[in-house]
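Colleague: Sequence below, structure please.
(chains A and B)
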Number of protein chains: 2
Amino acid sequence: MDSETKKHKWVQWMHRVLQLASLAEGETSPNPLVGAVILDSKQRLVGEGYHSLAGQPHAEIEALSQAGTSSKGGTLLVNLEPCCHQGRTPPCTDAILKSGISRVVIAMNDPDPRVSGKGVAILRNAGLEVISGVLEEEASFINRAFVFRNRTGRPWGILKWAMSFDGRTGLPNGASKWISCSASRRNVHYLRSKCDAVIVGGETVRNDNPLLTSRGIAKKEPLRVVFSSSLQFPTNSQLWDTNQANTLICYGPNSETSLLNDLPDGPEKILLKENTPTKLLEMLAKKGCNQVLWECGSSLATHAIQQDCVQEILLFLSPKILGGVSAMTPLADFGFESMEQVINLKEVSSYKKEGDFVLNMVFDNHL
Amino acid sequence: MDSETKKHKWVQWMHRVLQLASLAEGETSPNPLVGAVILDSKQRLVGEGYHSLAGQPHAEIEALSQAGTSSKGGTLLVNLEPCCHQGRTPPCTDAILKSGISRVVIAMNDPDPRVSGKGVAILRNAGLEVISGVLEEEASFINRAFVFRNRTGRPWGILKWAMSFDGRTGLPNGASKWISCSASRRNVHYLRSKCDAVIVGGETVRNDNPLLTSRGIAKKEPLRVVFSSSLQFPTNSQLWDTNQANTLICYGPNSETSLLNDLPDGPEKILLKENTPTKLLEMLAKKGCNQVLWECGSSLATHAIQQDCVQEILLFLSPKILGGVSAMTPLADFGFESMEQVINLKEVSSYKKEGDFVLNMVFDNHL
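Modeller: A predicted model of the protein is given here:
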């Protein structure tokens, strides 16, 4: 049997593995989404599991524990190479060897340098058959945030905006409630629940007084990040009440920090080395964020794109006409001078929510 | 049998009638799109026809001629009330009575005041069974341009634009070739072939030197209309060569008409009573236009919308990011101050063409 035929045989089960992995979307950071399936020696399903939360057992352990002695001589399918290092939980390779599993089918190698390739080597050296690369593209896609953070040291950035048919994000006087329909706004709550942090600039805090939570959809609300150089905030923003969700105020070296004294104690304050989206995201990666949502105004959004801090765009296009030469637009200047220089996007998905068109894109240089 | 059950019986055949009618889309102005089907007394199909061009036989006559003597005791299905007046061709009601047809099934009454209801009355008075309102909504939709012109004295206006994901119709330096993909641009050629006239302002002539034809898709190229107050044109525009398509230059009372002396003789020149989109469209309606396409810049487009000279929008949304605070946008100011005042659109259709999203909308106050 050639290698492609060998892989093809496992595609259906790997789909189930990816399904299991996705059950914990938004809950596992800084860890990846992982699902696992165990078939016994006669290829009957005997165990399933997924990684539900950092610190909780890995998917392989969940599935092995369900399978018990039936895993002997069986097959383990898992979307990410099993870990071989002691983290908050013991190495999965140890448990796999101990279980008597004789074949391991993997979608993709772990980009984490502590594992990458070593997990597979340990299993092969112990005499297990290891088949790699089954649904690799799909597996990379569901873990694109984790993969990207491992590669760059920054979380995967999603930028969303709601816009009218004539490209406006607000009226000339700033009114923008609401451009998108209520279903789209609910969609944003859901999106927040899949992210580890939501980022706004000072202007959004001053103008919109946003709450920035998932409205209870998330098991744990995303961290609300305010990124500001002026630190000029109203004293009574909804973000200062940290009972519903944590808030982080981030600023650069030249900010007037005495202004922070006027704010309530709830939010954490962090001084960045530089007042840039890159430094902000590096700090958030260190805090365990795999994926962040930019919900900022046009100037910060443009800055974030320029620093490669946005990889994905979610556009809510509403069938309305707002007009206004001086009306708000989603992005500011990039300095492009010809159509060859502009940024090209690639579709992930597109669908309708009530009246709105929801268009999900990635930057063409990613994925 | 109640009236709804009676109508329901004819729905399938009326779909075929609408299909026949649509075969001549863009070719019949100032006349409507009309199709006809004849069933014999045993309800077998014996004749079909459609109106192909103003001055050519009406759909009923085409179908009756195909059916011959088989129409005796039969049923005529037609999407528009048969005419009862002598136009460029004789009244259809005469031909129907003469054919021995015993039942006429109609989708909608003719909005033309010379017919409206009178055609039906003549048939009923002669003892024929007349069933009205079968697929009335669908029939009104395919003839929305004709209906609108009869109601308002102005052609149905379609405004199209190509826009990036961040709402731009060009870069700050004016570069815009090409925002949309080649399939979308081909789509515009097709759209032009369905319109009686294509309208641009002087600025588009000066900046883009457009050709504005259907590139041969139309049997007869749409009239190319230049609407300008300044009359400052380059002497060598593609529009001045009227071998491929006719060109009309329209201007208001205060224009410096001596500037027209520098232009070649090809284009027709028309002085409007007022320099407004309304007067322009009233003139075009009198010239037999049912449907026009606005391909102008943001300021004329905004003016046209404000004067209710746009009923339908076709947006080509391209997955690109252009940026640019001073970049071109599709529309200018309407003076809206709250989201309650903005214009709401209603979807007609949406689909993808290669990378672009093609979104077809009508203004919520129409249809």
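Colleague: So which other helices or strands are in contact with the longest strand along chain A?
Modeller: As assigned by DSSP state E, the longest strand anywhere in chain A is strand A:343-353. Judged by 3 or more CB pairs under 8 Å, 6 or more residues apart in numbering or on different chains; DSSP states H and E, strand A:343-353 is in contact with helix A:182-193, strand A:312-318, strand A:356-363, strand B:320-321. For glycine as for every other residue, the C-beta is placed from the backbone atoms N, C-alpha and C.
Colleague: can you tell me which of those comes nearest to residue A:199?
Modeller: Among these, the nearest to residue A:199 by CB to CB is helix A:182-193 (11.2 Å).
Colleague: So which bits of the closest one are buried?
Modeller: Of the residues in helix A:182-193, A:184, A:185, A:187, A:188, A:189, A:191, A:192, A:193 count as buried by neighbour count, 16 or more other CB atoms under 10 Å in any protein chain shown.
Colleague: Not counting its own residues, what contacts stretch A:173-188?
Modeller: Residues outside stretch A:173-188 that contact it (CB atoms under 8 Å, 6 or more residues apart in numbering or on different chains) are A:160, A:162-164, A:168-170, A:207, A:316, A:318, A:320, A:322, A:328, A:353-356, A:358, B:337-339.
Colleague: which residues sit in contact with residue A:3?
Modeller: Applying CB under 8 Å, 6+ apart, no residues qualify as near residue A:3.
Colleague: I'd like the distance between the closest residue to residue A:338 other than its chain neighbours and residue A:340.
Modeller: Counting by CB to CB, 6 or more residues apart in numbering or on different chains, residue B:175 is the residue found nearest to residue A:338 once chain neighbours are left out, at 5.5 Å. Distance, residue B:175 to residue A:340, using CB to CB, to the nearest Å: 9 Å.
Colleague: Which one's more surrounded, these two?
Modeller: Comparing residue B:175 with residue A:340 by other CB atoms under 10 Å in any protein chain shown, the one with more neighbours is residue B:175, at 19 against 7.
Colleague: Could you list the buried residues of stretch A:358-365?
Modeller: A:358, A:359, A:360, A:361, A:362, A:363.
Colleague: re earlier: for residue B:282, find the nearest of the helices and strands packed on strand A:343-353.
Modeller: Nearest to residue B:282, of all the helices and strands packed on strand A:343-353, is strand A:312-318, at 32.8 Å by CB to CB.
Colleague: hang on, the earlier thing: of the contacts of stretch A:173-188, grab the buried ones for ChimeraX.
Modeller: Command for ChimeraX, covering only those of the contacts of stretch A:173-188 found buried under the criterion 16+ other CB under 10 Å:
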select /A:160,162,163,164,168,169,170,316,318,320,322,328,353,355,356,358 /B:339
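Colleague: dump the residue contacts of the residue of the stretch 151-300 of chain A found nearest chain B.
Modeller: The nearest approach of the stretch 151-300 of chain A to chain B comes at residue A:167, 1.7 Å away (CB to the nearest CB). Residue A:167 makes contacts with A:329, A:330, B:163, B:166, B:167, B:168, B:329, B:330, as judged by CB under 8 Å, 6+ apart.
Colleague: all helices in the stretch 251-367 of chain A, in order from the N-terminus.
Modeller: Ranges of helices within the stretch 251-367 of chain A are A:277-286, A:298-306, based on DSSP state H, counting those that start in this stretch.
Colleague: how far out from the middle of the chain is the first one?
Modeller: Taking CA atoms, centre = their mean, to the nearest Å, one finds helix A:277-286 lying 14 Å from the centre of the chain it belongs to.
Colleague: Just the mean pLDDT for that helix, thanks.
Modeller: Averaging pLDDT along helix A:277-286 yields 98.
Colleague: List the buried residues of that helix.
Modeller: A:277, A:278, A:279, A:280, A:281, A:282, A:283, A:284, A:285.
Colleague: Quickly note the distance from the residue nearest the centre of chain A to residue B:44.
Modeller: Against the mean C-alpha coordinate of chain A, by CA atoms, centre = their mean, the closest residue is residue A:291 at 3.0 Å. Taking CB to CB as the measure, residue A:291 falls 65 Å from residue B:44.
Colleague: list the contacts for the closest residue to residue A:241 other than its chain neighbours?
Modeller: Take residue A:241 and drop its neighbours on the chain: the residue closest to it by CB to CB, 6+ apart is residue A:266, 6.4 Å away. Residue A:266 is in contact with A:240, A:241, A:242, A:247, counting by CB under 8 Å, 6+ apart.
Colleague: Just give the nearest non-adjacent residue to the last one, would you?
Modeller: If you skip the residues right next to it in sequence, residue A:247 has residue A:267 as its closest partner in space, 3.9 Å away by CB to CB, 6+ apart.
Colleague: Ok, the third one next?
Modeller: Setting aside the residues directly before and after it, residue A:242 is nearest to residue A:266 in space (CB to CB, 6+ apart), at 3.6 Å.
Colleague: and stretch A:66-86, C-alpha only, in PDB?
Modeller: Coordinates of each C-alpha in stretch A:66-86 appear next as PDB, following Å, rounded to 0.1, in the frame of the first residue of the first chain:
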ATOM      1  CA  GLN A  66     -12.400   5.400  28.100                       C
ATOM      2  CA  ALA A  67     -11.000   2.500  26.100                       C
ATOM      3  CA  GLY A  68      -9.300   0.800  29.000                       C
ATOM      4  CA  THR A  69      -7.800  -2.600  28.100                       C
ATOM      5  CA  SER A  70      -9.500  -2.500  24.700                       C
ATOM      6  CA  SER A  71      -6.800  -0.200  23.400                       C
ATOM      7  CA  LYS A  72      -4.300  -3.100  23.400                       C
ATOM      8  CA  GLY A  73      -3.200  -3.800  19.800                       C
ATOM      9  CA  GLY A  74      -5.500  -0.900  18.700                       C
ATOM     10  CA  THR A  75      -5.200   2.400  16.900                       C
ATOM     11  CA  LEU A  76      -5.100   5.900  18.300                       C
ATOM     12  CA  LEU A  77      -6.100   8.700  16.000                       C
ATOM     13  CA  VAL A  78      -5.200  12.200  17.100                       C
ATOM     14  CA  ASN A  79      -5.100  15.600  15.200                       C
ATOM     15  CA  LEU A  80      -1.800  16.700  16.800                       C
ATOM     16  CA  GLU A  81       1.400  14.800  17.500                       C
ATOM     17  CA  PRO A  82       1.300  13.500  21.100                       C
ATOM     18  CA  CYS A  83       3.400  15.400  23.500                       C
ATOM     19  CA  CYS A  84       6.600  13.900  25.000                       C
ATOM     20  CA  HIS A  85       7.400  16.500  27.600                       C
ATOM     21  CA  GLN A  86       6.300  17.000  31.200                       C
END
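Colleague: Go through that stretch and flag the buried ones.
Modeller: Across stretch A:66-86, burial judged by 16+ other CB under 10 Å covers A:66-67, A:70-71, A:74-84.
Colleague: for stretch A:217-237, same thing?
Modeller: Within stretch A:217-237, the residues scored as buried using 16+ other CB under 10 Å are A:218, A:221, A:222, A:223, A:224, A:225, A:226, A:227, A:228, A:231, A:233, A:237.
Colleague: Show me which pair in those residues is furthest apart.
Modeller: A:218 and A:231 (27.8 Å).
Colleague: before we move on, the earlier item: among the buried residues of stretch A:217-237, name the ones in helices.
Modeller: The subset of these located in helices under the criterion DSSP state H is empty.
Colleague: can you pull the contacts of the closest residue to residue A:26 other than its chain neighbours?
Modeller: Using CB to CB, 6+ apart and skipping the chain neighbours, the partner closest in space to residue A:26 is residue A:194 (3.7 Å). Listed by CB under 8 Å, 6+ apart, the contact partners of residue A:194 are A:25, A:26, A:291.
Colleague: Let me have these in CSV, extended by pLDDT.
Modeller: CSV is the format used below for the contacts of residue A:194 (pLDDT from 0 to 100):
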residue, pLDDT
A:25, 94
A:26, 93
A:291, 98
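Colleague: Help me confirm that residue A:149 comes into contact with residue A:290.
Modeller: Yes - in this structure residue A:149 lies within contact range of residue A:290 using CB atoms under 8 Å: 5.3 Å.
Colleague: Tell me, what's the model's pLDDT at the residue nearest to residue A:241?
Modeller: Reported pLDDT for residue A:266: 93.
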